[in-house]
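**Student:** Coordinates for the following, if possible.
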Amino acid sequence: MDVQQRAGGGIVYEQKTMNDGSSPRGVGPEHCCRDLGTCQSPMPCEMPVWVGTVPIGGKWLPSCLLSAYNLCVFFCFPLIIACAAKGAAETLTVEGQNLATDNVSVIEGETATISCRVKNNDDSVIQLLNPNRQTIYFKDVRPLKDSRFQLVNFSDNELRVSLSNVSLSDEGRYVCQVYTDPPQEAYADITVLVPPGSPIIESREDVVSEGNETELTCTAMGSKPAASIRWMKGEEELTGETTVEEAYDRMYTVTSRVRFAVTKEDDGAPVDCVIDHPAAKDLLAQRHLEVQYKPEVKIVVTYPEGLTREGDNLDLTCIAEGKPHPHQINWLRVDEDVPPHAVVTGSDLYIENLNKSYNGTYRCVASNAVGEAYDDYILYVYDAPTTIPTPTTNPVNTQDSRAGEGAPQKIDHAVIGGVVAVVMFAILCALIVLGRYFARHKGTYFTHEAKGADDAADADTAIINAEGGHNNTDEKKEYYI
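**Tutor:** As a prediction, the model looks like this:
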């Protein structure tokens, strides 16, 4: 076997394959292994032989020993497994010595670190292999030409290697080996995470009317593993329907759809598509809803501030808001015609010189492209005041009604005051009568002189016959008025 030498030591690798079943110079791989006492059974003839030079004690290994050295470095573990299967060699376990490593998850483009740790090492050699069983580091030597692998730490108890700029092709199972008898292996799985691209959110329609249903779609492409999608409308979480599609090289595209009915309160509300992925944080897309709704109508009394009385003027203003803005506002009188001299100017209704014939319900109707709505005002005209009322600084709420049913009506405080006065007067009269009755009626009592008076001929006889010497007398009652 020809051996190439290189100054400064190191290992020079060449791969040669024996097709005739023998090695150069007639030394077969099986003889090398047999000479080293590694295995008594022959190896396959077409096994690749890694040859090179290794300086030991200032001399170079002979061809046979060098072949055996390289073969044992790269193939001893499979050979020992074969030998154990044939029962040709006895295996021993080093007591208390064990090998450990950890799985690694790393984001694409970042750096992964693999640590091979040995407890109670007895100077056994540690090496790290890639998923193709190629040696990355043999002790502190890197046979592999990939410069992304760098030695972080090497000692008797640890071999730690970093891999920078990780790509999907680096994913797989890496092997930590310790050359004990038998060899030990531990496996570190590198999982490469690929964050999804920016999510895309789309709506079935740009504008939706209140009461209708809208649909939003959110897509997260090119992630590994598949991302999960959540929907949020303000503080409320929505439930969507998710589909996952595997694209290429275990990359995934995730699509989620959500449907819900909208109200006028949803106009301008944000809807967020939130992406959850181990390689991404705070990844979301947002869309604001645009909801059209029918008008909201309210009648405001501009004048008067208090009760409406005969001879007063009435000024009402109709406030209508909607999306789109109401294009038409109308005033009408329910079941009757508006007074002929009433003046309607845009959203205002003005009636002067009120009288009781104007009593009734006045309605403001506003409409837009979505629909129409109204508000009612109930007019009740009171008699004109006989005295000049005392001015007050507290305005009175004169809104007589609201849109819809069950609207509160105006309350006449003068009527309430009269009822209270009558009740108080009745209570006072009752107290006077009862007091006079109890003052006159003092009760009943008996005297000795009253007993036996009916049977006596005179007063002296009555006294003698009374109780305590006045016998055979009846009770007499005496009253004071």
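
**Student:** now the stretch 251-400 of the chain, which segments are flagged as low pLDDT?
**Tutor:** Residue ranges of the stretch 251-400 of the chain with pLDDT under 70: 387-400.

**Student:** Please enumerate the strands of it.
**Tutor:** Ranges of strands within the stretch 251-400 of the chain are 252-261, 270-277, 280-288, 291-303, 314-323, 328-333, 343-345, 348-351, 360-367, 372-379, based on DSSP state E, counting those that start in this stretch.

**Student:** So which of those strands is nearest residue 241?
**Tutor:** Residue 241 sits nearest to strand 252-261 of all the strands of the stretch 251-400 of the chain, at 5.1 Å, using C-beta to C-beta. The way it works is simple: take the backbone N, C-alpha and C, and place the C-beta from them, glycine included.

**Student:** need the longest helix for the chain.
**Tutor:** Ordering each helix of the chain by length in residues (DSSP state H) puts helix 413-440 first.

**Student:** how many neighbours does residue 120 have?
**Tutor:** 11 (other C-beta atoms under 10 Å).

**Student:** Residue 129 too?
**Tutor:** When counting by other C-beta under 10 Å, one arrives at 21 neighbours for residue 129.

**Student:** any idea how far it lies from residue 186?
**Tutor:** 11 Å (C-beta to C-beta, to the nearest Å).

**Student:** got any residues that touch both of these two?
**Tutor:** Overlap of the contact sets of residue 129 and residue 186 (by C-beta atoms under 8 Å, 6 or more residues apart in numbering) consists of residue 175.

**Student:** how would you label residue 115: helix, strand or coil?
**Tutor:** Classification of residue 115 by DSSP: H, G, I helix; E, B strand; the rest coil places it in strand.

**Student:** can you pull the pLDDT of it?
**Tutor:** Predicted confidence (pLDDT) for residue 115: 97.

**Student:** That one and residue 158 touch, don't they?
**Tutor:** Yes - judged on C-beta atoms under 8 Å, residue 115 makes contact with residue 158 at a distance of 6.3 Å.

**Student:** Compare the two (neighbour count), which wins?
**Tutor:** Set residue 115 next to residue 158 and count neighbours by other C-beta under 10 Å: residue 115 wins out with 18 against 15.

**Student:** From residue 326, how far off is residue 211?
**Tutor:** 18 Å.

**Student:** So for these two, which sits in the more crowded spot?
**Tutor:** Using other C-beta under 10 Å as the criterion, residue 211 and residue 326 rank with residue 326 on top: 23 against 14.

**Student:** ok, now which ones touch the residue nearest to the more buried one when sequence neighbours are not counted?
**Tutor:** Closest residue in space to residue 326, ignoring its immediate chain neighbours: residue 366 at 4.1 Å, by C-beta to C-beta, 6 or more residues apart in numbering. Residue 366 makes contact with 295, 297, 318, 320, 322, 326, 328-330, 372-374, according to C-beta under 8 Å, 6+ apart.

**Student:** the helices in this structure, which residues?
**Tutor:** Assigned by DSSP H, the helices in the chain fall at 29-35, 63-86, 413-440, 459-464.

**Student:** Comparing these by mean pLDDT, which bottoms out?
**Tutor:** Among these, helix 29-35 scores lowest, at a mean of 35.

**Student:** Count the residues that sit near residue 271.
**Tutor:** Counted by other C-beta under 10 Å, the residues lying close to residue 271 total 23.

**Student:** Please apply the same query to residue 105.
**Tutor:** Residues contacting residue 105 under the criterion other C-beta under 10 Å number 12.

**Student:** Distance of it relative to residue 223?
**Tutor:** Residue 105 sits 14 Å away from residue 223, going by C-beta to C-beta.

**Student:** With residue 129 instead?
**Tutor:** Residue 129 is 30 Å from residue 223, by C-beta to C-beta.

**Student:** Next: residue 190.
**Tutor:** For residue 190 relative to residue 223 (C-beta to C-beta), the value is 18 Å.

**Student:** These two: which is more packed in?
**Tutor:** Comparing residue 190 with residue 223 by other C-beta under 10 Å, the one with more neighbours is residue 223, at 24 against 19.

**Student:** Now do the same for the closest residue to that one other than its chain neighbours: its pLDDT.
**Tutor:** Closest residue to residue 223 apart from its sequence neighbours, by C-beta to C-beta, 6+ apart: residue 196 at 3.6 Å. Residue 196 carries a pLDDT value of 95.

**Student:** check contacts around residue 196.
**Tutor:** When contacts are counted by C-beta under 8 Å, 6+ apart, residue 196 touches 220-223, 227, 254, 275, 277, 280, 283.

**Student:** Test my guess that residue 191 contacts residue 102.
**Tutor:** No - contact criterion C-beta under 8 Å: residue 191 and residue 102 do not qualify, at 11.8 Å.

**Student:** related to what we said a few turns ago, format the contacts of residue 196 as a markdown table; extra columns: distance to residue 432.
**Tutor:** A markdown table is the format used below for these (distance: C-beta to C-beta, whole Å):
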| residue | distance to residue 432 |
| --- | --- |
| 220 | 89 |
| 221 | 95 |
| 222 | 97 |
| 223 | 94 |
| 227 | 89 |
| 254 | 90 |
| 275 | 86 |
| 277 | 90 |
| 280 | 90 |
| 283 | 87 |
